[in-house]
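Trainee: compute the structure for the input listed below.
(one chain, ligands or ions: 1)
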Amino acid sequence: MTPNTSQPAPHKTGNQKTAKAQGAKSPATKDPNDWRTMWPSRTPEKSAPLLKALHILTRDGALNADSRRKLTQVLHLTQLLRPALETLLKDDGNPVLADVGAGKSYLGFILYDLIFGPAGRGSVVGIEARDKLVEASRELAAQSGFDRMSFIASPIAEATLDGGRADMVTALHACDTATDDAIRFALRHEAKVIALVPCCQAEVARLLDGQHGPMRQLWRHPIQRREFGAHVTNVIRGLVLEAHGYKIRVTELTGLEHSMKNELILAERHQRSNAQARGELNRLIDQLGVKPALLDVMAE
Ligand SMILES: C[S@@+](CC[C@H](N)C(=O)[O-])C[C@H]1O[C@@H](n2cnc3c(N)ncnc32)[C@H](O)[C@@H]1O
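Mentor: From the prediction side, this is the model:
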């Protein structure tokens with residue numbers, strides 16, 4: 001991160017004044033409560049109106065507990081996605097990032113502000129089912145002068161981008177099976193990179209209910225069935241992506257104090273398909289005895 005150089009002078013204590021008078025080095029001046037020390041830009045003030053509009057800063061430009069949590073999360077995610085975005089910018093004149101289940105599109109806005117904007121290339125498309133959120137995002141993009149940002153008001157499953165291509169697809173906390181729609185969308189648009197932070201998941205727990213198999217003790221109790229079902233869902237999502245030729249990395253998004261839905265699946269395509277991963281997926285499905293709807297992509 002680039003250190004901020006335009007911070008307000010800290011209040012001096014009597015000891016500091018004495019130390020300065022004696023010619024000693026002044027102590028570090030970073031204020032951990034100043035968001036500008038965290039914002040990885042040489043001109044953090046330029047981002048302030050956007051961050052206020054996204055409620056990442058309060059109206060008076062400060063952080064509160066909620067906005068600090070959001071800021072930490074988006075900065076961590078930006079840091080994780082930056083290398084892949086920079087590779088896409090290097091390889092391609094104008095990479096397309098689709099953020100699906102975008103909500104208020106804060107991820108798209110921040111990636112544009114920090115990466116595509118300064119690069120002068122790359123476009124972001126936010127896909128969101130709720131019209132009101134899409135209208136608000138269009139307004140904010142216009143106010144911010146982000147002219148390579150656009151929005152589609154549509155369910156993910158029905159959305160198709162112009163040119164049929166998305167280089168990177170992100171889906172952050174897309175509810176339940178909307179993450180699976182994001183995977184289908186990414187495969188349909190031949191995404192080179194996919195970043196998923198799944199949300200709650202109910203489908204597999206429902207399928208496991210009453211399922212008798214050698215591992216039935218793993219899902220006998222409802223609360224364990226729900227947790228196990230969500231875990232298995234993400235394992236299956238990872239294997240589906242690997243079977244389609246992606247290398248995946250599964251990592252923590254932020255500390256659990258920031259969000260309970262905390263798993264990031266980062267997938268980068270390196271081959272057309274992977275027969276070994278397909279075999280592993282089939283074996284797992286046989287052992288569990290359940291077939292989530294996402295397996296439809298394996299038939300293609
Ligand atoms: C929990 S919010 C997360 C929003 C945003 N990605 C974020 O992290 O702040 C999930 C969003 O996905 C949208 N959504 C859920 N299912 C969708 C679908 N099938 N198609 C499009 N949008 C969907 C919801 O309307 C909601 O705005």
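Trainee: quick one: the strands in the stretch 151-300 of the chain?
Mentor: In the stretch 151-300 of the chain, the strands defined using DSSP state E, counting those that start in this stretch lie at 168-172, 193-197, 246-252, 263-269.
Trainee: okay, these in TSV with mean pLDDT and mean neighbour count next?
Mentor: Backbone N, C-alpha and C define where each C-beta goes, glycine included. Converted to TSV, those look like this (pLDDT from 0 to 100; neighbours: other C-beta atoms under 10 Å):
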stretch	mean pLDDT	mean neighbour count
strand 168-172	96	27
strand 193-197	97	25
strand 246-252	95	15
strand 263-269	96	20
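Trainee: quick one: closest of the ones you listed to the ligand.
Mentor: For the strands of the stretch 151-300 of the chain, proximity to the ligand was assessed by C-beta to the nearest ligand atom; strand 168-172 is nearest, at 3.6 Å.
Trainee: could you say what helices and strands the closest one packs with?
Mentor: Packing partners of strand 168-172 (3 or more C-beta pairs under 8 Å, 6 or more residues apart in numbering; DSSP states H and E): helix 65-91, strand 96-100, helix 106-111, helix 178-188, strand 193-197.
Trainee: mind putting the strands of the stretch 151-300 of the chain into a markdown table with distance to Leu54?
Mentor: Converted to a markdown table, those look like this (distance: least, C-beta to C-beta, whole Å):
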| stretch | distance to Leu54 |
| --- | --- |
| strand 168-172 | 13 |
| strand 193-197 | 17 |
| strand 246-252 | 23 |
| strand 263-269 | 20 |
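Trainee: okay, the ones you listed in a markdown table with distance to the ligand next?
Mentor: Putting the strands of the stretch 151-300 of the chain into a markdown table (distance: least, C-beta to the nearest ligand atom, whole Å) gives the following:
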| stretch | distance to the ligand |
| --- | --- |
| strand 168-172 | 4 |
| strand 193-197 | 7 |
| strand 246-252 | 16 |
| strand 263-269 | 12 |
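Trainee: what is the neighbour count of the residue of the stretch 201-300 of the chain at minimum distance from the ligand?
Mentor: Closest to the ligand within the stretch 201-300 of the chain is Lys261: 8.8 Å, counting by C-beta to the nearest ligand atom. The tally of other residues near Lys261 (other C-beta atoms under 10 Å) stands at 14.
Trainee: just the helices and strands packed on strand 168-172: most buried one?
Mentor: Mean neighbour count (mean count of other C-beta atoms under 10 Å) peaks for strand 96-100 among these, with a mean of 27.
Trainee: is Ala136 in contact with Lys104, as I believe?
Mentor: Yes. The criterion here is C-beta atoms under 8 Å, and Ala136 meets it with Lys104 at 6.9 Å.
Trainee: residues contacting the residue of the stretch 51-200 of the chain found nearest the ligand?
Mentor: Nearest residue of the stretch 51-200 of the chain to the ligand (C-beta to the nearest ligand atom) works out as Gly103 at 2.5 Å. Neighbouring residues of Gly103 by C-beta atoms under 8 Å, 6 or more residues apart in numbering: Glu128, Leu133, Leu172, His173.
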